[in-house]
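S.K.: turn this into a structure:
(chains A, B, C and D)
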Number of protein chains: 2
Amino acid sequence: MTTESEPRTESRIPLSKERVLRAAVELADRAGLESLTMRNLAHEVGVEAMSLYYHVANKEAVLDGVVDVIVGEINEVVGSIDGPTPEDDWKSALRVRILAARDVMLAHPWAPDVIEQRTHMSPAIVLYFEGLLGIFREGGFSYDLAHHAMHALGSKALGFSQELFNPGNEESDQSGEMLEQFAEQLPHLTGMLMEIGHDDPDSTLGWCDDQAEFEFSLDLLLDGLDRLLHAA
Amino acid sequence: MTTESEPRTESRIPLSKERVLRAAVELADRAGLESLTMRNLAHEVGVEAMSLYYHVANKEAVLDGVVDVIVGEINEVVGSIDGPTPEDDWKSALRVRILAARDVMLAHPWAPDVIEQRTHMSPAIVLYFEGLLGIFREGGFSYDLAHHAMHALGSKALGFSQELFNPGNEESDQSGEMLEQFAEQLPHLTGMLMEIGHDDPDSTLGWCDDQAEFEFSLDLLLDGLDRLLHAA
DNA sequence: ACCTGAACACCGTTCAAGT
DNA sequence: ACCTGAACACCGTTCAAGT
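M.R.: I've put the predicted structure just below:
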C-alpha cells in the first residue's frame, strides 16, 4: 500500500533468505501453519509470490529454514543454562535442557507439525543432538546405550510429544458422543473419565500434551535409562 | 474404459462409502499417501471426482474413514490373540497386542502419517483404547496410573513411533555432509556413528523406526510402568 | 541483481443439471 | 437415487520479461 510514500527503513533493504524465514515464523505464529503459503508469505514481506523464489528454492526450503530458525532459538537458550554438570547428574542436566527446548516449542505451537514433516535433519538439529549426546556420554553412557536413548526419547528430545488426538472441538468429536451412547460397552474408558475428569484446562501444545503428562513420560524414560546405565 | 462392455460383477453394484474407503486404502498402499486425491480415488472406483461427494462429506471424511478401516483391521487381529492373561502378566499381554498392531501398521506404512493428522478419535480407536485400558486395569493399575501410561505410550500404543527424521535420501541429506565437513565440531555424533554404523538395512516403517528400536523403547516404558505399579 | 505478470498444472469443492 | 460437466477459489511453480 504505502510502499512508495514513506521509505520505512526495513522495507527499503532488499529481501534476503533470513528475512523471508523470520517473516515465515511470524506468519505461522500469528495465523497458523495453514496460512503459511507462498502467496501469503510474499505479501507479508511486501513482495509478489514469485519473488520469493529468488531467495529460496521452493516451499520445502522455507519449511526447512523455519525449523532451523526455531531450533536455532533452542540452541541459543540451552547454551546459556547453568544447571548441574552431566558428570554430577546427567538426568537433571538433560531434563533442564529438554524443558528449555519445550519452552521454545510452546511459543511456536505449530513447530512440531512442521518438524515431523521434515525428511532430513537441519544443521541446527544436528548441533542440538550433538549436545544431547554429549550429556549422555559425560553421564557415563556407552555410544550404544546413548543411541537407544535418543531413539527412545524421540520427539521428547526436542521438547514436544505429538499426542494422537486433539481434545478440543466438541462439535466434531465423535468420541464424546460415543462414550455417552455406548457407555456400557466402554466400561474402562467411562470409569477412567469419571474418576480423573480429563478436562485439564491447560493443554499447552494444542494437543492433550500438557506439561504434567510430558514430564511424567520424560521422567519415566530418564529413570528407566538410569537403571540401564547402572545395570551395565 | 470397459465400463459398458462387460458387466464385471463388482463395477455394476453402485458405489458405497465402504467401497470408497477400501479403494482409498488400496490406492495409498500402492501409490503412497500423496496419490490419495479425490480425483485419483474417483478414477480408482471408475467414477468422476464429484460423485464421491455423494458418499462421503469431503476429503477429511475419507481420511477419517481410512483410519477407521486400518484400526478396524487391528481390532480384528488383536481380538484373536491368545497370549497370557493380563491378570497373570499384563506386560506380556500388552506387548503382544501392541506388536500385533504394529504388524498391521507395517502393512500400511502411510497410516501413521494420516493418523497423526487426525484431530479426533475414530470409533475404532476408542474401542482399541478401551481394550488397552482393560489390560492395565486387569493388571492392577489404578485409573490414574493407567491414564498416565496411555499418554506415555503415545503412538506406540498403536504400534508405531514417528521418528523425527528419515534416514534415506542421501542426496538431500544435509546431515551426512555436515558430519563429514564438521567432524571435529561433532565429536560425539561422529564417534557414535563410527561405533555403531547406523546403517540398519531394515528400516521397517520408512523412518529410522526399526523393530529393535521400537521394542527397546516399548520395553523401557513397560518396565518403568511395572516398577511404578509395584511401588504404589 | 532483484523483482514481476501471465500462465500452467494441480488441488478440494459447489452447484445446477442430467438419467 | 445416483452420477456428471463446468466452474470456482485456491495451491506451488516455471518462464520470459521487466528494471
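
S.K.: residue numbers of chain A in contact with DNA strand C?
M.R.: Residues of chain A lying close to DNA strand C by CB under 7 Å from any atom of the strand are A:14-15, A:42, A:47-48, A:50-51, A:53-55. Using the backbone N, CA and C atoms, a C-beta is placed for each residue, glycine as well.

S.K.: list only buried entries from those residues.
M.R.: A:15, A:42, A:47, A:55 (16 or more other CB atoms under 10 Å in any protein chain shown).

S.K.: which pair in the residues you listed spans the largest distance?
M.R.: Maximum pairwise distance among those (CB to CB): 10.6 Å, between A:A42 and A:H55.

S.K.: tell me, what residue is most central in chain A?
M.R.: Per CA atoms, centre = their mean, the C-alpha nearest to the average position across chain A is that of A:P112, at 3.8 Å.

S.K.: which element is the closest residue to that one other than its chain neighbours on?
M.R.: Using CB to CB, 6 or more residues apart in numbering or on different chains and skipping residues adjacent in sequence, the residue nearest A:P112 is A:F160, 4.4 Å away. Assigned by DSSP states H and E, A:F160 falls within no helix or strand.

S.K.: just the pLDDT at A:F160, thanks.
M.R.: Confidence at A:F160, expressed as pLDDT, is 96.

S.K.: where do the helices sit along chain A?
M.R.: Assigned by DSSP state H, chain A shows helices spanning A:9-12, A:17-31, A:38-44, A:59-79, A:86-107, A:111-117, A:123-138, A:143-153, A:174-181, A:187-196, A:211-231.

S.K.: to B:L63, which of those helices lies closest?
M.R.: Ranking these by proximity to B:L63 (CB to CB) places helix A:174-181 first, at 13.6 Å.

S.K.: avg pLDDT for that closest one?
M.R.: Over the span of helix A:174-181, the pLDDT mean works out to 70.

S.K.: how does chain A divide into domains?
M.R.: Using automatic domain parsing, the domains assigned to chain A come out as A:1-56, A:66-232.

S.K.: for the residue nearest to A:P112, grab the count of nearby residues.
M.R.: A count of neighbours around A:F160, defined by other CB atoms under 10 Å in any protein chain shown, yields 27.

S.K.: make sure it is actually in contact with A:V104.
M.R.: No. Using CB atoms under 8 Å, A:F160 is not in contact with A:V104; the gap is 9.8 Å.

S.K.: where does chain A have low pLDDT?
M.R.: Judged by pLDDT under 70, chain A has its weakly predicted residues at A:1-12, A:166-176, A:197-209.

S.K.: near DNA strand D, which residues of it show up?
M.R.: Contact residues, chain A versus DNA strand D (CB under 7 Å from any atom of the strand): A:36-40, A:49-50, A:53, A:58-60.

S.K.: just the buried ones from those?
M.R.: When these are checked for burial by 16+ other CB under 10 Å, the buried set is A:36, A:38.

S.K.: report whether stretch A:65-74 contacts chain B.
M.R.: No. Counting by CB under 8 Å from any CB of the partner chain, no contacts exist between stretch A:65-74 and chain B, the nearest distance being 9.8 Å.

S.K.: so what touches that stretch?
M.R.: Outside stretch A:65-74, the residues that touch it by CB atoms under 8 Å, 6 or more residues apart in numbering or on different chains are A:17, A:20-22, A:24-25, A:28, A:56, A:100-101, A:104-105, A:108, A:111, A:114-115, A:118, A:122-125, A:128, A:158-159.

S.K.: mind giving me the ChimeraX select for these, buried ones only?
M.R.: To isolate the buried subset of the contacts of stretch A:65-74 in ChimeraX, counting by 16+ other CB under 10 Å, use the following:
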select /A:20,21,22,24,25,28,56,100,101,104,105,108,111,114,115,118,122,123,124,125,128,158,159
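
S.K.: which ones among the contacts of stretch A:65-74 come in contact with chain B?
M.R.: Among these, the ones lying near chain B by CB under 8 Å from any CB are A:115, A:118, A:122-123, A:125, A:158.

S.K.: export those residues to JSON lines and append columns for distance to A:H188.
M.R.: Compiled in JSON lines, those are given as follows (distance: CB to CB, whole Å):
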{"residue": "A:I115", "distance to A:H188": "34"}
{"residue": "A:R118", "distance to A:H188": "37"}
{"residue": "A:S122", "distance to A:H188": "42"}
{"residue": "A:P123", "distance to A:H188": "46"}
{"residue": "A:I125", "distance to A:H188": "39"}
{"residue": "A:L158", "distance to A:H188": "33"}
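
S.K.: what would the helices of chain A look like in JSON lines with distance to B:P86?
M.R.: Formatted as JSON lines, these follow (distance: least, CB to CB, whole Å):
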{"stretch": "helix A:9-12", "distance to B:P86": "63"}
{"stretch": "helix A:17-31", "distance to B:P86": "44"}
{"stretch": "helix A:38-44", "distance to B:P86": "51"}
{"stretch": "helix A:59-79", "distance to B:P86": "41"}
{"stretch": "helix A:86-107", "distance to B:P86": "31"}
{"stretch": "helix A:111-117", "distance to B:P86": "32"}
{"stretch": "helix A:123-138", "distance to B:P86": "35"}
{"stretch": "helix A:143-153", "distance to B:P86": "24"}
{"stretch": "helix A:174-181", "distance to B:P86": "22"}
{"stretch": "helix A:187-196", "distance to B:P86": "12"}
{"stretch": "helix A:211-231", "distance to B:P86": "20"}
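
S.K.: B:M192 is nearest to which of the ones you listed?
M.R.: Counting by CB to CB, B:M192 lies closest to helix A:143-153 out of the helices of chain A; the figure is 4.4 Å.

S.K.: what packs against that closest one?
M.R.: helix A:123-138, helix A:211-231, helix B:187-196, helix B:211-231 (3 or more CB pairs under 8 Å, 6 or more residues apart in numbering or on different chains; DSSP states H and E).

S.K.: highest mean neighbour count out of those?
M.R.: Counting by mean count of other CB atoms under 10 Å in any protein chain shown, helix A:123-138 has the highest mean neighbour count of the helices and strands packed on helix A:143-153, with a mean of 20.

S.K.: ok and that one relative to helix A:143-153, angle-wise?
M.R.: In terms of direction (axes from the mean of the first three to the mean of the last three CA atoms, to 10 degrees), helix A:123-138 departs from helix A:143-153 by 130 degrees.

S.K.: contact partners of helix A:123-138?
M.R.: Contact with helix A:123-138 is made by A:67-68, A:71-72, A:74-75, A:78, A:85-87, A:90, A:93-94, A:97, A:101, A:121, A:143, A:145-146, A:149-150, A:157-158, B:164-165, B:174-175, B:178-179, B:185-189, B:192, as judged by CB under 8 Å, 6+ apart.

S.K.: gap between that helix and the chain center?
M.R.: Mean-position distance between helix A:123-138 and its chain equals 17 Å (CA atoms, centre = their mean, to the nearest Å).

S.K.: pull the CA atoms of it into PDB?
M.R.: Written as PDB, here are the backbone C-alpha positions of helix A:123-138 (Å, rounded to 0.1, in the frame of the first residue of the first chain):
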ATOM      1  CA  PRO A 123      22.100 -28.300  10.700                       C
ATOM      2  CA  ALA A 124      20.700 -26.800  13.900                       C
ATOM      3  CA  ILE A 125      19.200 -30.100  14.900                       C
ATOM      4  CA  VAL A 126      22.400 -31.900  14.300                       C
ATOM      5  CA  LEU A 127      24.000 -29.400  16.700                       C
ATOM      6  CA  TYR A 128      21.300 -29.900  19.200                       C
ATOM      7  CA  PHE A 129      21.600 -33.700  19.100                       C
ATOM      8  CA  GLU A 130      25.400 -33.400  19.400                       C
ATOM      9  CA  GLY A 131      24.800 -31.600  22.700                       C
ATOM     10  CA  LEU A 132      22.400 -34.200  24.000                       C
ATOM     11  CA  LEU A 133      24.800 -36.900  23.100                       C
ATOM     12  CA  GLY A 134      27.500 -35.100  24.900                       C
ATOM     13  CA  ILE A 135      25.400 -35.100  28.100                       C
ATOM     14  CA  PHE A 136      24.800 -38.900  27.800                       C
ATOM     15  CA  ARG A 137      28.400 -39.500  27.200                       C
ATOM     16  CA  GLU A 138      29.600 -37.400  30.100                       C
END
